[in-house]
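Trainee: Model the structure of this input:
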Amino acid sequence: MSERDFIREYLSFVKVEKGLSRNSIQSYGNDLSKLSSWTRKNQLDPIGLTRQDLREWMIDLGRTNLSVNSKRRLISVLRGFYKFLMIDGHIKENPAELLDVPQKGSYLPRFLNQAEVDELFLQPDTSTEIGLRDRAILELMYSSGLRVSEAVTIKIKDIDLDAGIVTTTGKGSKTRRVPVGSSAVEWLKSYLALRQKKENIEISNLFVTPGGRSLTRQTIFVFIKEYAKKAGLEDVSPHTLRHSFATHLVQNRADIRSVQQMLGHADISTTQIYTHMTDAHLRKAYDTFHPRSKS
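Mentor: Below is the predicted model of the structure:
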C-alpha cells in the first residue's frame, strides 16, 4: 500500500469517527501531504519515520515562519495518523507521541474597533450588485460572528429576517442559531430584493456571484483585504470580523456562555480568550490615561 493510500484511509477514518467538517479534513490532508512531500524529497519512507525524523521535519517547517498554533495542529495530526497506523498493525510504535508540543504564547487575535468597522463597511460601492452583496456579507459576518466557510455555504432558507435569526452549520457539523442585528437585516433585505430579480440563479446559496454561482472562501478573503486596504487598515481577514464580533460583545458585558454559544465553540476556554483581550484593552486604556497608573 502506498503512502497516499495510507493517508486516504486515515482521512476516511477521521471523517467517519470524528465527524469532522470538510474544511478540517482538507487541513488534515494538506498537513500530511506536506510530510509526504518532505519524505520524498529526502528519500525517506513516511511509514518508517522515527521521532528524530519528525523533529527534523518540524525544524524545516519552522524556517517558513509557521505559527505556534499551526505547529501544535501539525503534531496533533501526526499523532493521530501514526496512532491509526499502529491500530491497523502497520507500525509498532508512534514516533509522534513524544514530540515536544510548542506552548501557546500570549498572542491575542486582531480585532477592529467600532470606528474601524464603520470605515471598512463604507468601502463597497453599494450602487453596484457586487458592492451591495459584499456589504451584506460584511454586515452579516460581523453581526453574527460567522466563519467565512459558514458565510459561503449559508442558504436563503437559513436566514429569518423577520425574526432576525440565522441558522448556520459550523465545525463538526454542529448547527447553531445566532441573532442578526438590525443593520445587517436591512442590508440583507436590499441584497435579496436584487438577487430575486435575477432569473439565472439556480442554487439556493444566499450569496452568489453575478453569474449565479457559489462564492468561494477565497473570494471573500480577497475582497475584505481590498476594502481594508482602501480603508487604511492592516492585517484584516474574514476572521477579524468574527474576533471583532466576540470582542465587542464581551467589552459590552455580554455573558461569556452566550458568546460561546453564538460562536459555536465546543470548549469555553476557547471563548475566554476574548475576556483576556478585553482585560488587555482595559489595561492599556488605564495605563495610558490614569494619572496614577505609573509610579
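Trainee: what's in contact with stretch 221-233?
Mentor: 112, 116, 119-120, 122-124, 134, 138, 148, 234, 236-238, 240-241 (CB atoms under 8 Å, 6 or more residues apart in numbering). To be clear about C-beta, it is placed using only N, CA and C from the backbone, and glycine gets the same treatment.
Trainee: one more time with 6 Å
Mentor: Stretch 221-233 has contacts (CB atoms under 6 Å, 6 or more residues apart in numbering) with 116, 119-120, 123, 134, 236, 238.
Trainee: So which of these is the closest to Pro179?
Mentor: Nearest to Pro179, judged by CB to CB, of the contacts of stretch 221-233 is Pro238 at 19.5 Å.
Trainee: Setting aside sequence neighbours, what's the nearest residue to that closest one?
Mentor: Closest residue to Pro238 apart from its sequence neighbours, by CB to CB, 6 or more residues apart in numbering: Val148 at 3.8 Å.
Trainee: ok, now Lys92?
Mentor: Met86 is the one closest to Lys92 (CB to CB, 6+ apart), at 7.2 Å.
Trainee: hang on, that neighbour is in a helix, isn't it?
Mentor: Yes - assigned with DSSP: H, G, I helix; E, B strand; the rest coil, Met86 falls within a helix.
Trainee: Kindly tell me how buried it is, as a neighbour count.
Mentor: The burial count assigned to Met86 is 14, neighbours taken as other CB atoms under 10 Å.
Trainee: how far away is it from Leu138?
Mentor: 47 Å (CB to CB, to the nearest Å).
Trainee: what does Thr219 give?
Mentor: Following CB to CB, the distance that separates Thr219 from Leu138 is 13 Å.
Trainee: Tell me, what's the model's pLDDT at Asp279?
Mentor: The score at Asp279 is 68. That number is its pLDDT.
Trainee: for the one 4 residues further on, same thing?
Mentor: The predicted structure scores Arg283 at 67 on the pLDDT scale.
Trainee: May I see the buried residues of stretch 76-93?
Mentor: By neighbour count on 16 or more other CB atoms under 10 Å, the buried set for stretch 76-93 is 77-82, 84-85, 91.
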